[in-house]
Each structure stands twice: as structure tokens, then as C-alpha cells.
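Peer 1: sequence? don't have it. structure:
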């Protein structure tokens, strides 16, 4: 029984190997599909094992920063889907934030229904302003006027569309009677290398 090999176009070999190699060796530098799949499978396995065993596998806790406690509103005065603006953690650039009663339980929510949340107003992609973009029907903030990123306020401000790759910084809240206090930030505010040293 003889093996039949498909002739390979010399132009293709020359395009892959270059004209000098073909002229010099006359050999082709191609692998068959079986060799390619076997080689790529072994490579993928090796990389996955190396990544799992390395320092990246260590559990990294979420970075939560706590700051000075600041009174930002009262539970009894909040109306569903009507954001209340405030600044936090300071009065500096990109500190504009919003407090809103979503009317639906949310991650990090406070109050009897766990539906009161607060977020920074600056898009994490390129610092676009998100003031006035709250959509009550979907409980989202956005789209950002720069690149259309939209953030889900019921799920810790995770981006659901657009160019951003980080969630919107969430203001951590505490309730003391009827008073609502901002006590920290979950996430880094755009334009700052430290939320307090912008």
C-alpha cells in the first residue's frame, strides 16, 4: 500500500518559509493537523498548570477603603428612583456621587428592603460624567456619553455594556436610626491612584 501525499503549492511553502529556506533545504515546514492539535493541547495544559500553581492562585481579598463617616441623607426622605447627589469621600475632583432608593433589593443595599445604594458618578473607563443618566426602569446608570458604558446598580455597579472594564465605585453605607452615612468606598475612583489622594 502506498501513501498518497497531496501536492502542496510551492508558492504557499515559499510564503510560509521564505524563498531562501525552500531553495536551501527543499523541505516544507508544515505540521499535519494531528501534530498541531497534540502540540497545542500539551502547550495549553502546561500553561494552565503553571498559572494555577503560581502566585496568581492566591486568594486576593477585595480592596475596601473606609473613610470618615459622613451624613448624606435620611431614609424617610428618600423617594423611589429619585437620586440624591452628594460628594464623597472629599470635595475633590471626581467625588460626585448619588444616593438612590431602587425599590428592588441590591448588592450592598441598606434599609428595610436593602434597596438603598450609593455610587460614584464618574465612569471608570475614561472619566465620563454619569450625572442625569439614571434609568429607573432598568436600575442602571448610563450610558456614559463618551463610550456608552452602562452600569447595573443592583449588582454592585458592574458594567453591563460599553468600554469600561471595572465596576462603578460603590459608596459603602450605614444606617443609624433614620440617618444614612457614607463610610467607605468599594473600588477606585477614576483619576485617582488612592481615593483619598486624588
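Peer 2: Alright, I've got the coordinates. A quick note: this is a predicted structure, and the numbers were derived from the prediction, not measured.

Peer 1: next SSE downstream of the longest strand along the chain?
Peer 2: Longest strand in the chain by number of residues, with DSSP state E as the criterion: strand 64-74. Toward the C-terminus, strand 64-74 is succeeded by strand 84-87 as the next helix or strand (DSSP states H and E).

Peer 1: tell me the first helix or strand C-terminal of that following strand.
Peer 2: By DSSP H and E, the next helix or strand past strand 84-87 is strand 96-101.

Peer 1: touching the helix or strand just after that following strand from outside, list them.
Peer 2: Heading C-terminal from strand 96-101, the first helix or strand you meet, by DSSP H and E, is strand 116-120. Strand 116-120 is contacted by residues 72, 75, 78, 86, 88, 94-102, 106-110, 141, 151, 153, 157, 168-171, 173, 180, 182, 185, 187, 189-190 when judged by Cβ atoms under 8 Å, 6 or more residues apart in numbering. No exception for glycine: its C-beta is placed from N, CA and C like everyone else's.

Peer 1: sketch out the helices for the protein, chain order is fine.
Peer 2: Taking DSSP state H as the criterion, the chain carries its helices at 10-17, 19-25, 33-53.

Peer 1: would you mind checking the contacts of strand 116-120 for buried ones?
Peer 2: 72, 78, 86, 88, 94-102, 106, 108-110, 141, 151, 153, 157, 168-171, 173, 180, 182, 185, 187, 189-190 (16 or more other Cβ atoms under 10 Å).
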